[in-house]
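> how would this look folded up:
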Amino acid sequence: MAKSVIPPEKGGVSSHDDAERKYRAPALEKGLDILELLAKDGVPMTTSQIASRLGRSVSELFRMVLTLEYRGYIAQSDDGEGYELTNHLFALGMAQAPTRTLLDVALPIMKELAHSVGQSCHLVVPSGGQVVVVARIESPRDLGFAVRLGYRRRVIDAASGLLLYGMRSEAEKAAWRPQLAGPDEAKRLEQFLKEAEEAAAQGYVCRPSDFVDGVTDLASPVFGREEPIAGLIVPFIQSKPLPCPVEEVIDRLQAATAKIGSQLGGL
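Down below sits the predicted model:
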């Protein structure tokens, strides 16, 4: 079996592990390699691109790609430029008890927050080097900005990522750091680390979105026993009339995350 070029820390299998393993399932490993690659890159990829990245032939992966599509784990992108992950894996992960507990606690508080400030909000949790949206409440007003469930973004590119990284222990930061940026992103990583330190000291994030013009990202962490386990974000939109000024939204957002953390009881 050809070896995956995904590094071991990204989900690939090292040659040492290959030698030590007694039982192997090559077909299953091919499928997992495909899923991990699509999750890691976060962009649609054709079968030939997947094969090239994994160091395999197109014929070797063709039936596996079709099977994953048939089972609903991947699908053609809207522009037909390649395959991308569906929310199927996300839905399976959401069935886990800790995540359900987080959502059971957070959703009523998020609904209360959205109605009190007249803005939408969404909850994210870390997943490897990314954050993933696990819950959302849309704005009660006619105008709002909402992010779809299952949406992923790199930690280094997300407002919430500044807090989820910056408020962790030094040991956790060291474990996370290799997943944050590519080898050619040294300056981007340096900037992120500085901004994460500032965000941690402030306790929240308030900055213009670098993804959507006209939106200000407001983010606050939800704490578990010692470290943040999730981030709550309000994509703030200026409108007339403005139901709640940004300073008050920040206060209510922080109160909401504190309430979620308190009710979780140190999940």
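> you'd agree residue 259 is up against residue 109?
Yes. The pair residue 259 and residue 109 passes the contact test of CB atoms under 8 Å, sitting 5.5 Å apart. The C-beta positions use only the backbone N, C-alpha and C, and glycine is treated the same way.
> more crowded one of the two?
Neighbour totals were compared for residue 259 and residue 109, and residue 109 leads with 21 against 17 (other CB atoms under 10 Å).
> residues making contact with the helix or strand where that one lies?
Remark: residue 109 resides in helix 97-117, with elements defined by DSSP states H and E. The contact list for helix 97-117 (CB atoms under 8 Å, 6 or more residues apart in numbering) reads 93-94, 120-121, 123, 125, 134-140, 222, 229-230, 232, 234, 243-244, 248-249, 252-253, 256, 259-260, 263-264, 267.
> Any of those buried? List them.
Those of these that meet the buried threshold are 94, 120-121, 123, 125, 134-137, 139, 222, 229-230, 232, 234, 249, 252-253, 256, 259-260, 264, 267, by 16 or more other CB atoms under 10 Å.
> Please flag which of those sit within helices.
Restricting these to those inside helices, with DSSP state H as the criterion, leaves 94, 249, 252, 253, 256, 259, 260, 264.
> Now for those: which two are most distant?
The largest separation in those, counting by CB to CB, is between 94 and 249 at 27.2 Å.
> Do a quick rundown of the helices in this protein.
Counting by DSSP H, the chain has helices at residues 15-20, 26-41, 47-54, 58-70, 88-94, 97-117, 159-166, 170-180, 186-202, 246-264.
> export these to a markdown table and tack on distance to residue 129 and mean pLDDT?
Rendered in a markdown table, the data for the helices of the chain read as follows (distance: least, CB to CB, whole Å; pLDDT from 0 to 100):
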| stretch | distance to residue 129 | mean pLDDT |
| --- | --- | --- |
| helix 15-20 | 21 | 50 |
| helix 26-41 | 7 | 83 |
| helix 47-54 | 16 | 90 |
| helix 58-70 | 22 | 87 |
| helix 88-94 | 16 | 63 |
| helix 97-117 | 19 | 85 |
| helix 159-166 | 9 | 95 |
| helix 170-180 | 3 | 89 |
| helix 186-202 | 12 | 94 |
| helix 246-264 | 23 | 94 |
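> most packed of these?
Of all the helices of the chain, helix 159-166 has the most neighbours on average by mean count of other CB atoms under 10 Å, namely a mean of 27.
> between it and helix 186-202, how big is the angle?
Angle between the axes of helix 159-166 and helix 186-202 is 80 degrees (criterion: axes from the mean of the first three to the mean of the last three CA atoms, to 10 degrees).
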